[in-house]
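starting from these lines, generate the structure:
(2 chains)
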Amino acid sequence: MPAKATILSADEIRRGLTRIAHEIVERNRGAEDLAIIGVHTRGIPLAARLASKLSELEGVEIPTGMLDITLYRDDLSEVAHQPIIRETHVPFDIARRRVVLVDDVLYTGRTVRAALDALIDLGRPLGIQLAVLIDRGHRELPIRADYVGKNLPTAKSELVKVKLQETDGVDIVELWDLEDVK
Amino acid sequence: MTATATKQVRPRHLLDFQDWSPERLTAILDNADTMLQVLDRPVKKVPALQGLTICTAFFENSTRTRTSFELAARRMSADVMTFAAGASSVSKGESLRDTIEVLTQYRVDAYIVRHHASGAAHLVHQYSGKPVINAGDGRRAHPTQALLDAYTVRQEFDSLDGKTVAIIGDIRHSRVARSNAELLPKLGAKVVLCGPATLLPADLAGLPGVTLTTDPVQAVRGAHAVMALRLQQERMSGGYLGSLQEYADTYQVNEALMQHAESGAIVLHPGPMNRDVEISADAADGPRSRILKQVENGQAIRMSVLYHLLVGRD
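Next comes the predicted model:
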């Protein structure tokens, strides 16, 4: 069963990230105190790509890190399997940084809430901003993204699949019916 | 995995390693890496077990195991209820069953049990219906100690595959030795158990990956880790030994004995130590010693075990 629709092609993903990088520089008046932290799994390659674009734009090295939110999830008693804990690696002091948190899809907001808790346990950043490739709506918490690659109104019966070269061997964003994925 | 393979059931108890697959055991060791990272952060706490109440039910004295479990549970944001038999109605004659049934009314979600009788942890599960972690029962098992030992060896050599761990001392009375003999071969390591013939029960020779010897030099030859066991003098009424000095002269883990081991071999001890009896100061405090590392790793392993047993549903 094929996807219902292709939402972003490889070129569109690249252009979306380039635009987000410009917006980050604009909003923060440069990139001096910035750090980029990706949320497992696909937030991590997206964070690396954004950091690379920011370095090109501003000529400074942008510290990057990876964040696993498994131990901070509020639905662990409901999940039907043992969640795998992955690595959190933030090799710099976030207390002196404005952190841009990066994830692939913003949906209910619960992942972001968990990521904010996890991040603040590592230190007290100067500020936290949120960048996502896709905002598909259906928020269950009062959370919004500062930078969005594409706003995509969806039904809850649909699934947004982000595939990236680093994790899936291809750059594409697709829309699926949940029924067809099961 | 074949299409006909059945889904592995996740154990909800850690009584011993009987129902545990190498994959599940490896997952506990892997997750302990993350728990160690948590312990290095400014905020040494995660909310994973928030809302759960864990009872440490210790019917036998223990300082480090109980403390380690309690801290591990608190690091995971669980509430901890400490039950010490010596200061409870057990000392007035209350049975294990009545004690556990009373504790369960306090909405305890899981038990960590230490008891002098083998099999007590299993009974606690029967009476409570809750997940139970065995923190040492009689001579039978002390699974989290074995896990932290395995983790410490893996940390040193990156893998347990093909490694040899020599365990020297009072094997007969040691639940640590039994649990290690059960666990390490499941993870690809070999175990050599060594002690005086009177303290070396022959039935352990039948375990896969386990060999027995009364010769300490032979035991440590080719070993990557050498673990000294506490000589349990309180259980030595059976005339198992001629004298402490005679025992120390032959079986003490010291630098001279370690010269026969692999060049990078490490020294382990589950504690508490009888210095100058089963272990010398040069081995306990020297560069090969990972005894304090074991303590640190113990907390991470216990966090990982709690996470593994209490998070998610079947």
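
for residue 174, which non-adjacent residue is closest in space?
All of this is about chain A. A:Ala3 (3.7 Å; Cβ to Cβ, 6 or more residues apart in numbering or on different chains). For glycine as for every other residue, the C-beta is placed from the backbone atoms N, C-alpha and C.

that's the wrong chain, I wanted chain B
With sequence-adjacent residues excluded and distances taken as Cβ to Cβ, 6+ apart, B:Ser174 is closest to B:Leu229, at 5.1 Å.

so which residues on chain B come close to chain A?
Counting by Cβ under 8 Å from any Cβ of the partner chain, chain B comes close to chain A at B:10, B:27, B:30-31, B:33-34, B:37-38, B:41-43, B:45-48, B:76, B:307-308, B:311-314.

what subset of the residues you listed is buried?
Listed as buried from those are B:10, B:27, B:31, B:34, B:37-38, B:46-48, B:76, B:307-308, B:311-312; burial here means 16 or more other Cβ atoms under 10 Å in any protein chain shown.

quick one: least confident of these?
For those, the model is least confident at B:Arg10; its pLDDT is 68.

before we move on, the earlier item: for the residue nearest to B:Ser174, the count of nearby residues, please.
Close neighbours of B:Leu229, defined as other Cβ atoms under 10 Å in any protein chain shown, add up to 28.

before we move on, back to that, narrow the buried ones among the residues of chain B next to chain A to those in helices?
Among these, the ones falling in helices (DSSP state H) are B:Ala27, B:Asn31, B:Thr34, B:Gln37, B:Val38, B:Tyr307, B:His308.

so who does the first one touch?
Looking back up the chat, that one is B:Ala27. Going by Cβ atoms under 8 Å, 6 or more residues apart in numbering or on different chains, B:Ala27 touches A:Gln82, A:Ile84, B:His308.

near chain B, which residues of chain A are found?
Proximity of chain A to chain B (Cβ under 8 Å from any Cβ) is limited to residues A:68, A:70-74, A:76-88, A:117, A:121-123.

Provide a list of residues in contact with the closest residue to B:Arg288 other than its chain neighbours.
Nearest residue to B:Arg288, sequence neighbours excluded (Cβ to Cβ, 6+ apart): B:Val267, at 4.7 Å. The contact partners of B:Val267, by Cβ under 8 Å, 6+ apart, come to B:225-228, B:253, B:258, B:279, B:283-284, B:286, B:288-291.

among those residues, name the buried ones.
Taking 16+ other Cβ under 10 Å as the criterion, what is buried in the contacts of B:Val267 is B:225-228, B:253, B:258, B:279, B:283-284, B:288-291.

and of those residues, the nearest to chain A?
B:Arg290 (23.2 Å; Cβ to the nearest Cβ).

and the closest one, how far from B:Ala284?
Separation of B:Arg290 from B:Ala284 (Cβ to Cβ, to the nearest Å): 11 Å.

go on, A:Pro142?
To B:Ala284, A:Pro142 is 56 Å away according to Cβ to Cβ.

centre-most residue in chain A?
A:Asp103 (0.9 Å; Cα atoms, centre = their mean).

sec struct for it, please.
At A:Asp103 the chain is in strand, as set by DSSP: H, G, I helix; E, B strand; the rest coil.

all helices of the chain, in order?
No chain in the question, so chain A it is. Using DSSP H, helices in chain A cover A:10-28, A:43-58, A:110-120, A:165-168, A:178-181.

that's the wrong chain, I meant chain B
Ranges of helices in chain B, per DSSP H, are B:22-39, B:64-75, B:96-104, B:120-128, B:143-157, B:175-186, B:216-220, B:244-251, B:255-258, B:281-285, B:291-310.

next, the contact list for B:Ile301, please.
By Cβ under 8 Å, 6+ apart, B:Ile301 lies in contact with B:Ile28, B:Leu29, B:Ala32, B:Met35, B:Thr144, B:Leu147, B:Leu148, B:Tyr151.

nearest to A:Thr154 among those residues?
B:Met35 (36.5 Å; Cβ to Cβ).

what sits against the nearest residue in space to B:Ser128 that is not next to it in sequence?
Among residues not flanking B:Ser128 along the chain, B:Thr104 sits closest, at 4.7 Å (Cβ to Cβ, 6+ apart). The contact partners of B:Thr104, by Cβ under 8 Å, 6+ apart, come to B:Tyr127, B:Ser128, B:Gly129, B:Lys130.
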